[in-house]
Structures are given as C-alpha cells and as structure tokens.
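Q: build me a model:
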Amino acid sequence: MTALAMILAVAMQQPDSSVVTLDSSVVLEAACDTAPRILSGPRLYYPLELLRNGKQGTVVVQFVLDTMGHAERNSIHVIATPHMGLNLSAKEYVQRAQFSPGIFHGRKVRTLVQFPVVYRIASRR
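A: Numbering: from 1, shown residues only. Just a heads-up that it's a prediction; the model follows:
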C-alpha cells in the first residue's frame with residue numbers, strides 16, 4: 001500500500017465532525033464547504049487506435065488542485081482506468097483544465113481531487 005493510500009485509508013476512518021487533511025496544507029475534497037468544479041477544459045484527445053478498436057470508459061485522475069484552480073503537475077496520478085492507453089490523454093486533460101478552487105472556512109485551499117475523464121464513442125446513425 002502506498003503512503004498516500006495509507007493516509008487516505010486513515011482519513012476515511014475519521015469522525016465526520018473532524019477536518020480531514022493530508023497535511024497542513026491540503027484538504028480532502030469531501031471536507032470542503034464548496035467542492036472544486038471544472039470551469040473549462042481543452043478538447044479531449046482520444047487515441048486513434050483505441051477509438052478504432054471501440055475502447056471506452058472512465059479514467060479517474062487524482063491530483064492536488066491549487067488555490068488558483070490548476071492541477072499541480074507533480075501530483076497528477078491515474079487511480080482507475082479501463083485501458084492504459086487512455087491514461088496520458090486523461091492526465092494531459094486535467095493538467096490543462098481550469099477548475100474553481102476548493103473553499104474551506106471561507107477561503108481557497110489546496111484540495112485533493114478525484115476527477116473522472118470519460119471516453120465515450122458516439123454512435124453513428
């Protein structure tokens with residue numbers, strides 16, 4: 001189990017009334033008064049080979065969102081994926097997206113976020 005997974009496992013055991021943080025400067029998304037949300041993002045790149053082969057699904061990307069609404073580059077990690085070939089595209093999407101920051105006790109805070117990037121092939125009629 002990674003250190004981050006161990007911290008999250010311990011954090012999830014905390015009583016609801018406590019403030020859950022990873023360290024003194026990162027707040028879990030669930031603890032925010034106002035959770036971050038996506039404001040805008042780049043066009044999602046769908047790897048051509050996977051598109052041709054009908055591979056689709058949701059990649060879950062975890063990252064620390066800074067107080068300006070940007071993902072901190074070194075914190076971006078894929079935690080669930082239907083196909084490894086989608087991971088780089090999902091991470092790049094998150095890196096270039098703009099989010100509203102998490103709000104905790106009336107101020108913007110660095111927030112640990114889990115964000116789904118959905119790859120879906122539209123049916124042609």
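Q: going along the chain, name the helices of this protein.
A: Remark: helices assigned in the chain by DSSP state H are 3-12, 48-52, 87-96.
Q: OK, contacts around Leu65?
A: If a contact means CB atoms under 8 Å, 6 or more residues apart in numbering, then Leu65 has 36, 71-72, 99, 101-102, 110-113 as its contacts. For glycine as for every other residue, the C-beta is placed from the backbone atoms N, C-alpha and C.
Q: no wait, Thr111
A: Contacts for Thr111 (CB under 8 Å, 6+ apart) come out as 26-29, 32, 35-36, 64-65, 101-102.
Q: for the nearest residue to it once chain neighbours are set aside, give the beta-bridge partners.
A: In this structure, Thr111 finds its nearest non-sequential neighbour in Gly102, 3.3 Å apart by CB to CB, 6 or more residues apart in numbering. Beta-bridge pairing for Gly102 (DSSP bridges): Val109.
Q: surely Gly102 meets Val26?
A: No: applying CB atoms under 8 Å as the test, Gly102 and Val26 come out as separate, 9.6 Å apart.
Q: just the pLDDT for Met68.
A: Among the per-residue scores, Met68 holds a pLDDT of 98.
Q: which residue, other than its chain neighbours, is closest to it?
A: Pro101 is the one closest to Met68 (CB to CB, 6+ apart), at 6.8 Å.
Q: the one you found against Ala35, yeah?
A: No: here Pro101 does not reach Ala35: they are 10.0 Å apart, not a contact under CB under 8 Å.
Q: more crowded one of these two?
A: More neighbours surround Pro101 than the other of Pro101 and Ala35, with 21 against 15 (other CB atoms under 10 Å).
Q: next up, the contacts around the more buried one.
A: 36, 65-69, 108-109, 111.
Q: burial count for Gln98?
A: 13.
Q: and it, how far from Gly41?
A: 7 Å (CB to CB, to the nearest Å).
Q: and Arg73, by the same measure?
A: 16 Å.
Q: and those two? Which one has more around it.
A: Taking neighbours as other CB under 10 Å, Arg73 and Gly41 compare with Gly41 leading, 14 against 11.
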